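Trainee: this one's structure only:
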C-alpha cells in the first residue's frame, strides 16, 4: 500500500501540470450522438424561481501548455493489433450530452495545440471511451492508446483505442472502468502513424477514489444534459464538464453556486465558460469541501442571456464510492488515508455510530462521504462501514467511528489536523486513534481516587519493576498489557503524578507514572473495574499522586551506628514520638509538616525480621496511619534517601525503633 500511496502523491503532482491546460481548452469537434433519456433534476427550476441575472463569472486566464515530454518517452508507439469495435449508439460521446462515469482533460504536448477531453462510460466488463479534441491534420488518423504510467512517464500500451480522425475517436475497451482507474494509466495521442514517436496530447486517468462524477440535468427544455467530473488535485479540484452543445461558438457561463438546483444562491466558484459542450477549470477547494458545502454546478444559456439556466447538477457526492488505504507519515507512521492519499481523522466527541460534528464543525471537518460500502485497500486492518447523516448522506466509519477530512490539509499526506483541540486525531492502520495516552482520575467506592486511562480503565503498577524499567514480558504482557502511547502522555485534571515514557524492547513507548511503567489487567472488562488490584501481592492501582495503593510494609535495615532499625518497604527510616500515646497521635499542624505520618490503605505487613506488632489508627482526616506496638509511626522530612536517620533524637522526643518496636534512645 505504501507504493500506491507514493504513486498517488506523484499523480497529484501530475494533475497540477494537467491543470495548466485549463484556459487553453478549445472548442472540440463534437460527435453527433444524442440521447432521448437525459436525466433531469427532481424539480427543475424555472427562471422565475431563480435570480434573474446570474453573477458574471471571473475570467480564468489561459495558461501555457504542459512542457513537452519526448525524451522520457518511447521513440515509437506500438500499433494496435486490432481495431476495437465501434461504440454502441446509446453511449454518449464527449460534449454531446448524456451521462459518462468519468471525464478527464487532455492537454497538448509539443506545441500541437490539440487539447480536449476523454469520457469513459462503464458497460459491464467493458468501457466506452470517447475522445474529443481539437483536430490535427485533416483526415489523418492519429494513433491513440491507454498507456501504463503517467503522461511524463509513459510505459507500454495497456489498451489500444480507435485512431483519432478529425479530433474524434470512439472505442469499446475490453476492460472494466475500475481496472482502468486502478493503477497508473494515461490516454496518449500520437501525431500520425508515420510519426508515431511524436506525442501531441495526453491526459492522466485518475485513480478510483480521486474522482467524483455527477450528472448534469437539462433545464428549461434546453436539452443540455451531461456530466461533471471532479478530480482531486491536492487543495484544488479539476472540474471537467461535458454537456450537449448549445449554440455553435457561443460561450456559456457556468459556476458552482451555493444551494441546490431548485434553490440556487450566489456564485461560490466561477468556472471556465462552456464552449461547444466542454469546460475545464481549476477550483481553489478540495473535492471533499465541494461535496460537503451544499453546492450545485449551474450552466447559463449565454453571457447575454445569463438569467436562463440550461443545465444543473448538485454536488452531493455523485457516483463516488469511498476507498480507504494506508499511507506512511515520517512522524506518525502508518495512517489511514482516502483513495487519493488524503489523511482521515477521528473526533473524540463522537461516539460509535454517531457524528457530533455539525454546522460550523462540518465546514472545517468535511465528512468522508460515499454512495456505497467503502472499499478497504491493502494494509487496512480496521472495520469499515457507514452511518446515515441527518441530511441523508452516507459517511464512512472506521471501527464504527465517523471519518473526516481537515479543511487545511492542502495535499495528499498532509496531517495538519492531527491533535487540533486535543480532540482530532489521525487513524492508525487498525483504525485506532493515534492520540497521546491520557491519564486521568476516577473515584472508586473502595479504593478512593485512582489513576485510569482516558477511557476510565484502571492502571496498575508492578512491584517487580524498577524506575524506568519494565520486567513484565512474554506471558506477563498477555495478562498485563502495557499502556502505550505515540507521544508524551497527557495528565487530566486532578492527576498529581509525573507522567513519562519508557521504550520497550519492541520499540513501543509505554507510559510511566513517577517513572514506573503502567499496565492494564486483562480481566478488567469495564471502566472502573479493579479486578487486578492486589493480584499476587505485586500488582496495585495507583493513587492520584502516582504512589502504589499497596499495603504498607514495615521492614528491617541495618544501620552502622544504630544497628537494626525499622523502615518502610522502601528502606526509609520510621520514628516514634514520645508525646504520643498508644493508639493516639498528638502530632498535628506544623508537626505533621516536619514529621509526615506513615500511611496505608490496608492492614500493614511486617517483613522478615520484624518482631513488633504492626497495625493502624484512623487520623482525624480519615487516613490510616501505621502503628508499631500501637504507637503511630512517622517519617522525618529531611531524610532524603533510604538509610538516613537525621531525625534521631530530635528535640529529645523522636526516636528510631529496633526490631521489637522499642525506641532506640542513643
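Mentor: Arrived safely. On a predicted model such as this, the values are computed, not experimentally measured, just so you know.

Trainee: check what pLDDT residue 64 gets.
Mentor: Looking at residue 64, its pLDDT reads 30.

Trainee: swap in the one 10 residues further on?
Mentor: Predicted confidence (pLDDT) for residue 74: 36.

Trainee: kindly report the same for residue 246.
Mentor: Looking at residue 246, its pLDDT stands at 80.

Trainee: report how many residues lie close to residue 163.
Mentor: Counted with other C-beta atoms under 10 Å, the neighbours of residue 163 add up to 21. C-beta here means a position set from N, CA and C on the backbone, and glycine is covered the same way.

Trainee: please apply the same query to the one 10 residues further on.
Mentor: Residue 173 has 22 neighbouring residues, counting by other C-beta under 10 Å.

Trainee: same check on the one 4 residues further on?
Mentor: Each residue near residue 177 was counted by other C-beta under 10 Å, and the total is 22.

Trainee: residue 421 and residue 364: what is the separation?
Mentor: Per C-beta to C-beta, to the nearest Å, residue 421 is found 10 Å from residue 364.

Trainee: which one of the two has more residues nearby?
Mentor: Set side by side, residue 421 and residue 364 show more neighbours around residue 364, with 16 against 9, by other C-beta under 10 Å.

Trainee: can you report phi and psi for the more buried one?
Mentor: phi -90, psi -30 (degrees, to the nearest 10).

Trainee: how many other residues sit next to the nearest residue to it once chain neighbours are set aside?
Mentor: Nearest non-adjacent residue to residue 364, counting by C-beta to C-beta, 6 or more residues apart in numbering: residue 407, 5.1 Å away. By other C-beta under 10 Å, the residues close to residue 407 number 19.

Trainee: ditto for residue 592
Mentor: Neighbourhood size, residue 592 [other C-beta under 10 Å]: 15.

Trainee: kindly report the same for residue 349.
Mentor: A count of neighbours around residue 349, defined by other C-beta under 10 Å, yields 12.

Trainee: and it, helix, strand or coil?
Mentor: Classification of residue 349 by DSSP: H, G, I helix; E, B strand; the rest coil places it in coil.

Trainee: check what pLDDT the residue nearest to residue 364 gets.
Mentor: pLDDT, residue 407: 89.

Trainee: who's in contact with it?
Mentor: Counting by C-beta atoms under 8 Å, 6 or more residues apart in numbering, residue 407 makes contact with 286, 289, 363-366.

Trainee: what is the nearest of these to residue 550?
Mentor: Closest approach between these and residue 550, by C-beta to C-beta: residue 365, at 44.9 Å.

Trainee: burial measure for the closest one, as a count.
Mentor: Counted with other C-beta under 10 Å, residue 365 comes out at 21.

Trainee: just checking, residue 106 touches residue 189?
Mentor: Yes. Assessed by C-beta atoms under 8 Å, residue 106 is found in contact with residue 189 at 7.3 Å.

Trainee: flag whichever of the contacts of residue 407 scores worst on pLDDT.
Mentor: pLDDT across the contacts of residue 407 is lowest for residue 289, at 81.

Trainee: the nearest residue to that one once chain neighbours are set aside and residue 624, how far apart?
Mentor: In space, and not counting its chain neighbours, residue 289 is closest to residue 366: 5.5 Å by C-beta to C-beta, 6+ apart. Using C-beta to C-beta, residue 366 is found at 56 Å from residue 624.

Trainee: those two: who's more crowded?
Mentor: Set residue 366 next to residue 624 and count neighbours by other C-beta under 10 Å: residue 366 wins out with 22 against 19.

Trainee: enumerate every residue touching the more buried one.
Mentor: Residue 366 makes contact with 286, 288-289, 291-292, 404-405, 407 under the criterion C-beta under 8 Å, 6+ apart.

Trainee: on that earlier part again, quick check: the residue nearest to residue 364 is in a helix.
Mentor: No. Checked against three-state DSSP, residue 407 lies outside a helix; its state is coil.

Trainee: for it, what are phi and psi?
Mentor: Here the main-chain torsion angles of residue 407 (degrees, to the nearest 10) amount to phi -60, psi -30.

Trainee: can you map out the strands along the stretch 301-450 of the chain?
Mentor: Applying DSSP state E, counting those that start in this stretch to the stretch 301-450 of the chain gives strands spanning 309-314, 323-329, 333-338, 345-347, 369-370, 375-376, 384-388, 394-398, 401-402, 424-426, 438-444, 448-453.
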